[in-house]
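S.K.: Just a sequence and a predicted model for now, questions to come.
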Amino acid sequence: MNINFNKNNDGLVPAIIQDATTKNVLMLGYMNEDAFNKTKETNLVTFFSRTKNRLWTKGEESGNVLNLVDMKLDCDNDTLLIQVNPKGPTCHKGSDTCWNEENNSNFGFFSTLENVISERVANKDTKKSYIANLFDKGINKVAQKVGEEAVETVIEAMDNNDELFLYESADLLFHYLMLLQAKGFTLKDIEAELKKRQK
């Protein structure tokens, strides 16, 4: 890597720390050339602490180290993106990130949809909410609906109408998310199960 440590005349470059799995940004630190080299040598993220005026390996006191996974340099050669597997909370105040956020996997719109399902189930307004109404009928009815949607998806997969196939696929996924919650699980549990099978 051809890092420009002298761009700001202080020998430091910003180092954005990102969880390699969840892709959440955990913190921002600064590295000089010695910190960069030590990080590569030890596979533990090391910064130059402007407060302590010395090299500082994250977690050297708390044990909450950042295990190096990958390092990338931006297009201007003056900012690092460092992907890590964190051990414990990253922030010195005890939170997962320095923005006081939980470092959970996020599945984009699917996570939003999971939250909507949870809220509708909690509100129990069976007259206004299809979700609440279906949950009110019990897990057997939710499971049956998943089965129906799976059959419809398979039928459309064997046809030539892509629009109907996508429509039924969306129905299947939507009802499957409902079934997961009815069983007390979320996409995070499915992610964990699939990771166990990864070779």
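M.R.: That came through, no problem. Residues are numbered from 1 along each chain as shown.

S.K.: F165 versus E156, what's the distance?
M.R.: According to Cβ to Cβ, to the nearest Å, E156 and F165 sit 4 Å apart. Bear in mind the C-beta positions are built from the backbone N, C-alpha and C, glycine included.

S.K.: With A182 instead?
M.R.: According to Cβ to Cβ, A182 stands 26 Å off from F165.

S.K.: cool, and E148?
M.R.: E148 sits 16 Å away from F165 when distances are taken as Cβ to Cβ.

S.K.: quick one: which of these two has more around it?
M.R.: Neighbours around E148 and F165, counted as other Cβ atoms under 10 Å, are more numerous at F165. The numbers are 18 against 14.

S.K.: Name the residues of whichever helix in the chain runs longest that are buried.
M.R.: Looking only at the chain and at elements set by DSSP state H, the helix with the highest residue count is helix 162-182. Taking 16 or more other Cβ atoms under 10 Å as the basis for neighbour counts, the residues of helix 162-182 that come out buried are 165, 168-169, 171-172, 174-182.

S.K.: quick check: domain ranges of this structure?
M.R.: For the chain, automatic domain parsing gives the domain ranges 13-86, 109-197.

S.K.: Could you work out the end-to-end span of the last one for me?
M.R.: By Cα to Cα, to the nearest Å, the extent of domain 109-197 from end to end equals 25 Å.

S.K.: Next, the angle from the least confident helix or strand in the chain by mean pLDDT to helix 162-182.
M.R.: Lowest by mean pLDDT, DSSP states H and E among the helices and strands of the chain is helix 187-197, with a mean of 91. Note on geometry: by axes from the mean of the first three to the mean of the last three Cα atoms, to 10 degrees, helix 187-197 and helix 162-182 are set 100 degrees apart in direction.

S.K.: circling back: CA atoms only for the longest helix of the chain - export them in PDB, please.
M.R.: Provided in PDB are the C-alpha atoms of helix 162-182 (Å, rounded to 0.1, in the frame of the first residue of the first chain):
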ATOM      1  CA  ASP A 162     -41.400 -13.600 -14.300                       C
ATOM      2  CA  GLU A 163     -43.600 -11.000 -12.800                       C
ATOM      3  CA  LEU A 164     -45.900 -13.600 -11.200                       C
ATOM      4  CA  PHE A 165     -42.800 -15.600 -10.000                       C
ATOM      5  CA  LEU A 166     -41.400 -12.500  -8.300                       C
ATOM      6  CA  TYR A 167     -44.800 -11.700  -6.800                       C
ATOM      7  CA  GLU A 168     -45.200 -15.200  -5.300                       C
ATOM      8  CA  SER A 169     -41.600 -15.200  -4.200                       C
ATOM      9  CA  ALA A 170     -42.200 -12.000  -2.200                       C
ATOM     10  CA  ASP A 171     -45.300 -13.500  -0.700                       C
ATOM     11  CA  LEU A 172     -43.400 -16.600   0.300                       C
ATOM     12  CA  LEU A 173     -40.500 -14.600   1.900                       C
ATOM     13  CA  PHE A 174     -43.000 -12.300   3.700                       C
ATOM     14  CA  HIS A 175     -44.900 -15.200   5.300                       C
ATOM     15  CA  TYR A 176     -41.700 -17.000   6.100                       C
ATOM     16  CA  LEU A 177     -40.500 -14.000   8.100                       C
ATOM     17  CA  MET A 178     -43.800 -14.200   9.900                       C
ATOM     18  CA  LEU A 179     -43.300 -17.900  10.600                       C
ATOM     19  CA  LEU A 180     -39.800 -17.300  11.900                       C
ATOM     20  CA  GLN A 181     -41.200 -14.800  14.500                       C
ATOM     21  CA  ALA A 182     -44.100 -17.100  15.400                       C
END
